[in-house]
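Undergrad: need coordinates for the following:
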Amino acid sequence: MSGSCPDAVSTRVRIGCPVWAHAPWKGGFFTRGARREDFLRQYAQVFATAEGNSTFYGLPSEKTVRRWAGEAPSWWRFAFKFPRVISHDKALAGAETETAELFARLEPVADRCGPFFLQLHQSFGPPKLGLLRRYLKMLPEQFAYAVEVRHTEFFSGGAAEADLDGMLAELGIDRVNFDTRPLFNAVVNPQDTAAQEALRKKPRAPVRFTATSKHPFVRIVAEPRVENNDRWLAEWVEVVARWLAEGREPYIFLHHPNDLMAPPLARMFQQQLHAKCPETVPPPAVWPGECEPAVGEAPGDQINLF
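TA: This next block holds a predicted model:
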């Protein structure tokens, strides 16, 4: 699928959500009658990237990848996650076959792949940096990559962290900046099961604002009340604006314990970044679901369930 990129979609800094096909967005972000085959097309009218977290759990079918190839615009970028069999089960050791299978399966969308991100287990520490280097050097050169670490020594500000960042910079690979401060600083309702699950699963690591290559990679886990994330996003706006001034092309993903609220978070961030960098970042796009009248209302009225 080709076509020109909509003016309101930011491609200099790509802002997106953890998913692009979320049925509960129908009637708000998506149109009410949107079908699954419409989700990516409608999403791409607003955002130029999304995380591909599903590949962590297993490779998509060949049929699914061919469908994505037909739905994704030429300027769209997937940010696929390395399968857990590579990153966690094998911890990069002896994972050549699985790695080759990953890139072979995704070949139909190879021209629409942004950075692949490799999330390492928290037990993957400094003694394994040599293994990480060897693995990264064997990856196909035509793609960009980002690495997310969780071992405490990589957040110590000491030699281990310097070695990691230096190696990634040398190889032209970005470090994933995973910011869970908004979530862990929130007063979470005990009845909010999604937020409680996020608190249980997400790492509470110190935040980093690290750019080691061309595509700084940021994952922000918001606090449940969208309006309370303003100060956290404002801090990232300053960082991203600096990266843009340096000529980098960041990828920013807005997570929420309930994925229903990811689009308004991404919209909030783009609005703030547009205010800071109006010549570089366009104002947020109108959502497809806002372009159709609400049930029982005349054409021209807008629906906003968020």
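
Undergrad: okay, and the beta partners of F217?
TA: Beta bridges link F217 to V176, Y251 when assigned by DSSP bridges.

Undergrad: number of nearby residues for it?
TA: 28 (other Cβ atoms under 10 Å). Every C-beta, even on glycine, is put in place using the N, C-alpha and C of the backbone.

Undergrad: my read: it touches Y251, true?
TA: Yes. Between F217 and Y251 there is a contact at 5.1 Å, judged by Cβ atoms under 8 Å.

Undergrad: identify the contacts common to those two.
TA: A79, P115, A146 (Cβ atoms under 8 Å, 6 or more residues apart in numbering).

Undergrad: got any ranges where the stretch 1-150 of the chain has weak pLDDT?
TA: Counting by pLDDT under 70, the stretch 1-150 of the chain has low-confidence residues at 1-3.

Undergrad: residue boundaries of the strands in it?
TA: In the stretch 1-150 of the chain, the strands defined using DSSP state E, counting those that start in this stretch lie at 14-17, 49-52, 77-80, 116-119, 145-148.

Undergrad: now for the last one, which elements pack on it?
TA: Strand 145-148 makes packing contacts with strand 116-119, helix 129-137, strand 174-179 when contacts are defined by 3 or more Cβ pairs under 8 Å, 6 or more residues apart in numbering; DSSP states H and E.

Undergrad: over to the second one?
TA: Using 3+ Cβ pairs under 8 Å, 6+ apart as the contact definition, the elements that strand 49-52 packs against are strand 14-17, strand 77-80, strand 251-255.

Undergrad: quick one: these as JSON lines, columns for mean neighbour count and distance to E107 too.
TA: Shown next, in JSON lines, are the helices and strands packed on strand 49-52 (neighbours: other Cβ atoms under 10 Å; distance: least, Cβ to Cβ, whole Å):
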{"stretch": "strand 14-17", "mean neighbour count": "25", "distance to E107": "22"}
{"stretch": "strand 77-80", "mean neighbour count": "23", "distance to E107": "12"}
{"stretch": "strand 251-255", "mean neighbour count": "26", "distance to E107": "22"}
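
Undergrad: as a markdown table, those with distance to Q270 would be great.
TA: Formatted as a markdown table, the helices and strands packed on strand 49-52 follow (distance: least, Cβ to Cβ, whole Å):
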| stretch | distance to Q270 |
| --- | --- |
| strand 14-17 | 5 |
| strand 77-80 | 16 |
| strand 251-255 | 9 |
